[in-house]
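**Q** okay, predicted coordinates and the sequence, questions at the end:
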Amino acid sequence: MSQIPPVFKREFFGYFRSPVAYVVLIGFQLATIGCAFFLGNFFKANLASLDSYFIFLPWLFILLVPAVGMRLWAEEKRTGTIELLFTLPVTTLEAVLGKFLAAWAFLALAIVLSFPMIITVGFLGSPDWGVLATGYLGSILAAGAYMGVCSLTSALTKNQVISFILSALVCFVIVLLGWSVFNGALGAVLPQPLVDLLANFSFTTHFEAFTKGIVDPKDVVYFLSVTAFALFLNVVALER
Amino acid sequence: MIEVKGLVKVYGTKRAVDGVSFTVKRGEILGFLGPNGAGKSTTMKLITGFVSPNAGTAIVDGHDVTREPVAVKRKVGYLPENAPAYPEMTVEEFLTFIAETRGFRGDARAAVVNRAAELTHLTPVRRQTFETLSKGYKQRVGLAQALLHDPPVLILDEPTDGLDPNQKNEVRALIKNMATEKAVVLSTHILEEVEAICTRVIIISAGKIVVDETPAQLQARMPGARLDEIFRTLTQSDV
């Protein structure tokens, strides 16, 4: 595992060596904070909470996370650096983890950069800091799960666009499974226990508790298992 | 140092490498020749552990690449075809990344990067990003990362590709100097390179070895003929 730090550093700082990082970070803030204000009526709601910010994240992640993750492996295949990486004394697992952790750290940075919102609610009212903290924790965990999926799709193709679309679609389906409106529609066709089972696989179902201040071990395990499973498949895909 | 035993690699219905076996001892410079698509690069990818063989194996300095790939990769300096590197990194950053991945830290890391950059005359472009470099410099960055950790085995895929005649000369001299303590395999299309520095020649055609001898013996097949004529008669079936 000693080779993870060099791979991690290369990937993480690599984001900042081109305009990519700045465009994505700013785009991320505009999308998430924009939704909170315009769709979530942040000020009108008059509540000292960030619910109107968190509520859109599972949906925004569907597009924002693939935008960051689409180049993870597809770029290496395209430029040929994958041949360099896999002839260095690095195991496939170390390479996958190093790159994934760097992408996850970058997403965590993007999420935490909304801290002016925290300052705003803190200044204008007295928010429940615990709820805010768990909300951010849940967001970062969820982002990791989405990124796991994106890293996997990126390893399946040389083309970044295909990687983006594939991962966006997969994430969309997973989010959809837990959306109350979709569940209602599904309930008319499938038996309720089956609908509930499918909902249990969704990002949305497990994200809710975090926004209410609850850190349910079930939810933490869910996000971490999805991430771990995606990374496992990622290693398999690369070793083929 | 390198023992290749019956390597086979199949892509779909094509047998890219079809039972290749040879050995390379310390101090030898092996020249890999062959038409395009003959299996030279694939053989190198098999030895360096980038690709897994369908059958056979390569033993590098005592380590079997199918069983101990990381140990083999530690001992090998590999220059892939087209000398890839990360485009947005500077030469300095890139070589530092390679040095760190190869286990160098602190002062040793800086020392090793400096030495590699000096040997390959990269000092004027150290702070330039890789994507802005000319082809010749990109090639030398690839060479620098291959010899950075002073490995006992060098596998170089077309090391003088894209270099001007003077640079070609320098790189050949560099390889010749380093080779006394190492086992070197280099692939090339340039027959005079084979004459200039190789101690042995292997010609691969359609995935199989057709020739494995010294340059002198190769020349002796048709005395007075040019090497490319001899090459043509041996690989005609590939055309």
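**A** Looks like it came in fine.
**Q** find the closest residue to chain B in chain A.
**A** Using CB to the nearest CB, the single residue of chain A nearest to chain B is A:G80, 3.5 Å away. For every residue, glycine as well, the C-beta is placed using N, CA and C.
**Q** is it true that that residue touches B:P87?
**A** No - the pair A:G80 / B:P87 is not scored as a contact, 10.7 Å apart, by CB atoms under 8 Å.
**Q** comparing these two, which residue is more hemmed in?
**A** Neighbours around A:G80 and B:P87, counted as other CB atoms under 10 Å in any protein chain shown, are more numerous at B:P87. The numbers are 18 against 14.
**Q** give me the number of neighbouring residues for the residue lying closest to that one once chain neighbours are set aside.
**A** If the residues on either side of it in the chain are set aside, B:P87 comes closest to B:E131, at 3.8 Å by CB to CB, 6 or more residues apart in numbering or on different chains. Neighbourhood size, B:E131 [other CB under 10 Å]: 13.
**Q** and for B:D18?
**A** Residues near B:D18, counting by other CB under 10 Å: 18.
**Q** with B:T120 instead?
**A** Using other CB under 10 Å as the criterion, B:T120 is surrounded by 25 other residues.
**Q** neighbouring contacts of the lowest-mean-pLDDT helix or strand in chain A?
**A** Between all helices and strands in chain A, the lowest mean by mean pLDDT, DSSP states H and E belongs to helix A:180-187, at a mean of 80. Helix A:180-187 has contacts (CB atoms under 8 Å, 6 or more residues apart in numbering or on different chains) with A:L176, A:L177, A:V195, A:L198, A:A199.
**Q** can I get it in CSV? Just the C-alpha atoms.
**A** Output of helix A:180-187 as CSV, limited to C-alpha atoms (Å, rounded to 0.1, in the frame of the first residue of the first chain):
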residue,chain,number,x,y,z
SER,A,180,-40.6,8.7,-3.6
VAL,A,181,-42.5,9.7,-6.8
PHE,A,182,-40.9,6.9,-8.8
ASN,A,183,-41.5,4.4,-6.0
GLY,A,184,-45.2,5.3,-5.9
ALA,A,185,-45.4,4.6,-9.7
LEU,A,186,-43.5,1.4,-9.3
GLY,A,187,-45.8,0.3,-6.4
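**Q** thinking again about what came up before, ok, which pair from the contacts of helix A:180-187 is furthest apart?
**A** A:L176 and A:V195 (12.1 Å; CB to CB).
**Q** what residues are up against B:N169?
**A** Counting by CB under 8 Å, 6+ apart, B:N169 makes contact with nothing.
**Q** wait, A:V149
**A** Here A:V149 is in contact with A:S167, A:V170, A:C171, A:I174, A:V226, A:A230 (criterion: CB under 8 Å, 6+ apart).
**Q** quick one: what helix or strand has the first one in it?
**A** Yep, that's A:S167 we're talking about. Here A:S167 sits within helix A:160-176, counting by DSSP states H and E.
**Q** could you give the angle of that helix to helix A:180-187?
**A** Orientation of helix A:160-176 against helix A:180-187 (axes from the mean of the first three to the mean of the last three CA atoms, to 10 degrees) gives an angle of 70 degrees.
**Q** now the residue nearest the centre of chain A, nearest residue through space, not along the chain?
**A** In chain A, the residue lying closest to the centroid (CA atoms, centre = their mean) is A:A143, at 2.0 Å. Take A:A143 and drop its neighbours on the chain: the residue closest to it by CB to CB, 6+ apart is A:L107, 4.3 Å away.
**Q** and the pLDDT for the one you found?
**A** For A:L107, the model assigns a pLDDT of 95.
**Q** what does the one 5 residues further on give?
**A** At A:V112, the pLDDT value in this model is 93.
**Q** isn't it right up against A:G135?
**A** No - contact criterion CB under 8 Å: A:V112 and A:G135 do not qualify, at 11.7 Å.
**Q** with neighbour numbers in mind, choose between those two.
**A** More crowded of A:V112 and A:G135, by other CB under 10 Å: A:G135, with 25 against 12.
**Q** quick check: closest non-adjacent residue to the residue in chain B positioned nearest to chain A.
**A** When scored by CB to the nearest CB, chain B has B:P84 as its residue closest to chain A, at 3.5 Å. Distances taken as CB to CB, 6+ apart place A:G80 nearest to B:P84, at 3.5 Å, with adjacent residues excluded.
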